[in-house]
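# 3D model of this:
(2 chains)
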Amino acid sequence: MKGPRRVVAAATVLSVLVGLFLAGTALAQDASPAQDEEIVFIAGTLNDMRTVNPFRAFEAPEFEVMDLNYDLLISFEKDDLAATPNLATEWTPSDDGLTWTIKLRDDVTWQDGEPFTAADVVFTYNFIVDNELSGLNYLPFTDAIEVVDDHTFTWTTTAPTTAPLTPPYVYILPEHIWGGFDKKAAQDFKNYPNMIGTGPFQLTEWDKGQSWTMEANPEYWGGTPKIDKYIVRKYDNEEAMVTALREGEIDYIGDVSIDLFGSLEGVEGITTNIGPQTAFTQMSFPMCFPDEPTADTDCMKTGTGGHPALRDHTVRLAIAHAIDKQAIVDRVLQGYGSPGTTVLPPYNRWRVDPLAPIGFDPAEAERLLDEAGYLDSDGNGIRNLPGGGNDLDFRFILRSESSESATAGEFIAGWLKDIGIKTRIDVVTDNKLTDIYLSNDFDLYIWGWGVEPDPDFQLSTYTTRECGYWSDTCYANPDYDALYEAQQKARTEEERAEIIAQMQQIIYDDIPEIVLYNYNSLEAYDSAGWTGLEENLSPKPQGFLWAQYGRHTALTVQPRALAGPSTGPSGDTGISAGVWLGVVGAVVLIVVIVAVVRRKRSDEDLA
Amino acid sequence: MGSQRYLIGKIGQALLTMFFILTFNFFLFRVMPGDPVTLLTKTSNVELNAEQQQQLREHLGLLEPLPQQYVTYIGNTVTGDLGVSTFVDPGEKVSTIFFRDFPKTLVLVGTSTIASVALGLVLGIRGGWRRGKALDISSMTGSLILYSMPEFVLGILFLLLFTKYLHLFPSGGYRSVGVEYTGLAYVIDVLNHMFLPWITLTLAYIGEYYLVMRSSLLDVLGEEYITLARAKGIREKFVLRRHAVRNALLPTVTLVALSFGFVLGGAITVELVFSYPGVGKLSFDALDQKDFPVLQGTFLIFSVAVLIANLIADLLYGYLDPRVRSMR
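As a prediction, this is how the structure comes out:
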């Protein structure tokens, strides 16, 4: 009897499954959302957004959201990142160069409908100056910033300056929202929901740690964006993020790692872009020595200071000759970068090439050290201080949070060994390294900088007063400090460029740090679905697709084919409700049938 | 009398452990390198002068003597105040952040634990009972492979297979973005996103339960009372169900109870592979961003969960096996 019963059971299961599947499919179709033709551009990131308060932000996604939600007074020209009108339409200095009169657009409204006026700009700048908030370095020598009329204000300085044209990377905030805050309240303000700016997009949804959504501002003075929504989706696994781009779940990735970039090259429908080199990685030397305090700094508050050999320019020069920067670019960066020279990376229009480049030349390095008396006097294979002093044995600190720079450090340790210098590598977290460099407790370390289009801030980090703050090395050079101030006071761009060139040369020649390499930003996007990105790369000749200064492509990106089912938003890959119901139904049925059959058998057993 | 003492003893032990955890948690985060205020000013864009830094230290209670800080910490913790996040979600209460992410973890890890316990035990019983048969050998092999493979490796393999090659499931997250699903469509969307992490976790843990159940059953089957039961002529099914399995289940009780304790900790590696926003990912983010209050809070909740699960296991054990109660 068992045989036929099983057949009957199997047939029942099958028919019920088919029935469920059909019912499920019908249900799923009912439940699918109406196509509302919304155009949504989705980016993937590994980097989380934690705050949208401009006085607290420091991560790239945070600045990206603020870039789109707010406006700068003056923006960056697409091709060479020069100052270009934005909220300001024109600016004129007085004859003595001390007062700038700046005219503003009169057709701008805040995203909540309030009119934008000169009072908002004056409020924002004064608030930063009065409270010494982040952004202060863009507003040097400020004496007074005052409203003239609704669309005009003046900026008076104590020294002639071109700082207004830097342009100041300060988001213009609405006085009617931020006006009532003191410093602490401003820094604690969440600024979400209702993040009010004048920009082309507004942050409207934020699923913390998961995704955030910006909606296009239809009233934007620069024209309505061609997409309705820009969404950023956070991933914790880069493999998954790259797969999501290939699957069409996301449309753009802004910071692809070198290892995965290759896997996206040549994929149909995806275009990769080798973006500009805006960042560099450097090896820093200790420029503060405990027994030799510089006249006007007390750089040595804590710590032990560096190895005495490193205060000798000859030793630093020899080390520079021993490093094969091209090999690092080829082997660590897989070619996505260039050997470093000065402290401004290649994309920067203020960069100059060094007058007398220090090339890779180990023989010259050895000759320099021999000549200066750094010989291996105790025969242990390591050079000693002149006159038979200590070994040239350096504590070399590398970052656990950057595998590329740590690998570069290992190469360098090998090259230094070749010229008779010993290193002890210590790999630490960025926090630990912060403690170490602030307390001058190192011989060598590797870290890096991303550099803005305007070089003011980067150049300020080498001034004497930045020791203990932003200075990598506590480098102190009064000539350099004077030049730094001179470039802030320059009356013309030519004059400023001349000074900045000298400053780059001084750092390059003095070698407080060695710029090891510059690296490319690597981007990829769904070029089968989108247009308006590659056509508008910025800056020239090697530009960003999306992560641009000035956010040009946020207004130009659009679907390749407007309208049509493929451009509407679609959910992620997945199996339909019908299949789910079918699977669940099948599992339930199998369990039920097994139970029934077993019970029957038990009954038979008992009988 | 005996059972009451057992109960009181176990609870007392748990309270003592709890106190130790609190103390350890307090000091652990104070021996870590780096002053929190220096950290805050260096890694966020907040520029503070020396005086303001000192004010902040005072505000955070860092200037008080350590014993005083300790008392404050215990007091705050007991009243449910776990502090305020510094980086993950600046200014938000740690408890709020935790319980925002917790439901997602509960659904994922909770249901997958139930599934792997159920499947593992059922297969373990079958395998132990019919030792050496086809089912036993295949599930033994499968269990050993899954048990020894790190769950994130399994996760990445599934990601490659189901997403990259079969295009069946999404690459990560817990829902689609950019589309407003409601009702059934929303449930299906979440199910689709949960499937890969769920199946990874379920398969990765079946082996553990299977192996423990199987070996425990084999032990019991060798006992004399089983032989006696058989000698009395009791049917094999009843020998298995009434005599063998009941006793063999005891060791698995501890394992299962502890597993549910770990549900609260989420599944860090699997949540990361699939970018699933649960508490496992939260604790990773906190560590990554050096958000010590969040880290401290999650550590505490995880430890307390395991502690409570342990206590339940102990009590359950005492209930199931009277010998344990009377042993002291």
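# where in chain A is pLDDT low?
Applying pLDDT under 70 to chain A flags the ranges A:1-36, A:290-304, A:562-570, A:601-607.
# repeat that with 80
Applying pLDDT under 80 to chain A flags the ranges A:1-37, A:58-59, A:289-305, A:401, A:429-432, A:435, A:438-439, A:468-469, A:561-573, A:598-607.
# swap in the stretch 51-200 of chain B?
If you take pLDDT under 80 as the line, the stretch 51-200 of chain B has these spans: B:51-64, B:86-87, B:90-91, B:178, B:180.
# Kindly recompute the last result at 70.
Those would be B:51-53, B:56, B:59-61, if you go by pLDDT under 70 across the stretch 51-200 of chain B.
# With the stretch 201-328 of chain B instead?
Checking the stretch 201-328 of chain B against pLDDT under 70 turns up B:265-266, B:325-328.
# got a list of what B:Val117 touches?
Applying C-beta atoms under 8 Å, 6 or more residues apart in numbering or on different chains, one finds that B:Val117 lies in contact with B:209, B:256, B:259. Where C-beta positions appear, they are placed from N, C-alpha and C, glycine not excepted.
# The last one touches B:Thr113, doesn't it?
This means B:Ser259. Yes: taking contacts as C-beta atoms under 8 Å, B:Ser259 lies within contact range of B:Thr113: 5.4 Å.
# Ends of stretch A:347-365, what's the gap?
30 Å (C-alpha to C-alpha, to the nearest Å).
# Show me which positions of that stretch end up buried.
Using 16 or more other C-beta atoms under 10 Å in any protein chain shown as the test for burial, stretch A:347-365 gives A:347-348, A:350-352, A:358, A:360, A:362, A:364-365.
# Any residue of stretch A:150-168 touching chain B?
No: using C-beta under 8 Å from any C-beta of the partner chain, we find that stretch A:150-168 stays clear of chain B, coming within 15.2 Å at best.
# Can you measure across that stretch, start residue to end residue?
First-to-last residue span, stretch A:150-168, C-alpha to C-alpha: 21 Å.
# The helix or strand hosting B:Val294: which residues count as buried?
Assigned by DSSP states H and E, B:Val294 belongs to helix B:292-320. By 16+ other C-beta under 10 Å, the buried positions in helix B:292-320 come out as B:292-315, B:317-318.
# so how far is that helix from its chain's centroid?
On the basis of C-alpha atoms, centre = their mean, to the nearest Å, helix B:292-320 sits 9 Å off its chain's mean C-alpha point.
# Output the contacting helices and strands for that helix.
helix B:2-28, helix B:94-105, helix B:246-263, helix B:279-288, helix B:322-326 (3 or more C-beta pairs under 8 Å, 6 or more residues apart in numbering or on different chains; DSSP states H and E).
# before we move on, back to that, now, among the buried residues of stretch A:347-365, which is nearest to B:Leu168?
A:Tyr347 (42.3 Å; C-beta to C-beta).
# hmm, back to that, would you tell me which one of the helices and strands packed on helix B:292-320 is buried the most?
Highest mean neighbour count among the helices and strands packed on helix B:292-320 (mean count of other C-beta atoms under 10 Å in any protein chain shown): helix B:279-288, with a mean of 23.
# what about stretch A:444-451, near chain B?
No: using C-beta under 8 Å from any C-beta, we find that stretch A:444-451 stays clear of chain B, coming within 12.3 Å at best.
# residue contacts, A:Tyr549?
Applying C-beta under 8 Å, 6+ apart, the residues near A:Tyr549 are A:75-76, A:81, A:452-453, A:538-539.
# wait, I meant A:Gln458
A:343-344, A:449, A:451-452.
# near chain B, which residues of the stretch 151-300 of chain A?
A:187-188, A:190, A:207-211, A:213, A:229, A:231, A:233-237, A:239-241, A:243-244, A:246-247, A:249.
# quick one: contacts for B:Leu311?
B:10-11, B:14.
# Provide the backbone phi and psi angles at the closest residue to A:Gly571 other than its chain neighbours.
Closest residue in space to A:Gly571, ignoring its immediate chain neighbours: B:Ser176 at 3.7 Å, by C-beta to C-beta, 6 or more residues apart in numbering or on different chains. The phi and psi values for B:Ser176, taken as degrees, to the nearest 10, are phi -70, psi 150.
# what does the stretch 101-250 of chain B put close to chain A?
B:101, B:156, B:159-160, B:163-164, B:167-174, B:176-185, B:188-189, B:191-193, B:235, B:237.
# Can you flag the buried ones in those residues?
Counted by 16+ other C-beta under 10 Å, those give B:101, B:156, B:159, B:163, B:169-174, B:176-179, B:181, B:184-185, B:188-189, B:191-193 as buried.
# Show only the entries of those found in helices.
Among these, DSSP state H puts B:101, B:156, B:184-185, B:188-189, B:191-193 in helices.
# ok, A:Cys288 to A:Ala476 distance?
8 Å (C-beta to C-beta, to the nearest Å).
# meant to ask about A:Leu72, not that
Taking C-beta to C-beta, one finds A:Leu72 at 33 Å from A:Ala476.
# just B:Arg100 next, same as before
Distance from B:Arg100 to A:Ala476, by C-beta to C-beta: 49 Å.
# got it, and A:Leu203?
Applying C-beta to C-beta to A:Leu203 and A:Ala476 gives a distance of 43 Å.
# Same check on B:Ile312?
64 Å.
# Same question for B:Arg57.
In terms of C-beta to C-beta, B:Arg57 sits 29 Å off from A:Ala476.
# who has more neighbours, the two?
A:Ala476 (23 against 16; other C-beta atoms under 10 Å in any protein chain shown).
# ok, and the closest non-adjacent residue to B:Gly142?
B:Gly142 sits nearest to B:Gly207 (C-beta to C-beta, 6+ apart), 7.5 Å away.
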